[in-house]
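Chemist: predicted model, plus sequence, below.
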Amino acid sequence: MSLSEAKIQSVVSANITIANDYVWRGKIQTNDNKFVQIGFNYDVVNSEVLGILSSNVINGAEVNYYISYLGEVVDIDYSYSEDTILTV
């Protein structure tokens, strides 16, 4: 197959969550109030995912940027993720 015949497919997906309370690492983020999270993922060809997630929190909004790597070694799936959390 030549390079001109290879098809590169990337996928963009979105998600939304509405829930009673937002708890992260045991700390309540919304004072027992409802919250909304909205996220977008861009699945890159080489099992890499770039994403952004935003949520309301007690003092405004939280925005997470992340990159994940997915793979498999000897029939064992693995994933690795790095993220940055900003509160605005």
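Modeler: In hand now; what should we look at?
Chemist: any idea what the most centrally placed residue in the chain is bridged to?
Modeler: Centroid-nearest residue in the chain, with C-alpha atoms, centre = their mean: residue 51, separated by 4.7 Å. Per DSSP bridges, the residues bridged to residue 51 are residue 41, residue 66.
Chemist: my guess is it contacts residue 40. True?
Modeler: Yes. Counting by C-beta atoms under 8 Å, residue 51 sits close enough to residue 40 to count as a contact (6.3 Å). For glycine as for every other residue, the C-beta is placed from the backbone atoms N, C-alpha and C.
Chemist: still on that earlier bit, now do the contacts for the residue nearest to the centre of the chain.
Modeler: 39, 40, 41, 42, 64, 65, 66, 67, 68 (C-beta atoms under 8 Å, 6 or more residues apart in numbering).
Chemist: quick one: which of those residues is nearest to residue 26?
Modeler: In terms of C-beta to C-beta, no member of these lies closer to residue 26 than residue 64, at 17.7 Å.
Chemist: work out for me the element that closest one sits within.
Modeler: Residue 64 belongs to strand 60-73 when assigned by DSSP states H and E.
Chemist: which residues does that strand contact?
Modeler: 29, 47-56, 77-88.
Chemist: stretch 24-39 now?
Modeler: Under C-beta under 8 Å, 6+ apart, the answer for stretch 24-39 is 14-23, 51-58, 62.
Chemist: for the record, mean pLDDT for that stretch?
Modeler: What stretch 24-39 shows for mean pLDDT is 82.
Chemist: now swap in stretch 67-75 and tell me
Modeler: Rounded mean pLDDT across stretch 67-75 is 84.
Chemist: how distant is that stretch from the center of its chain?
Modeler: Stretch 67-75 sits 16 Å away from the centroid of its parent chain (C-alpha atoms, centre = their mean, to the nearest Å).
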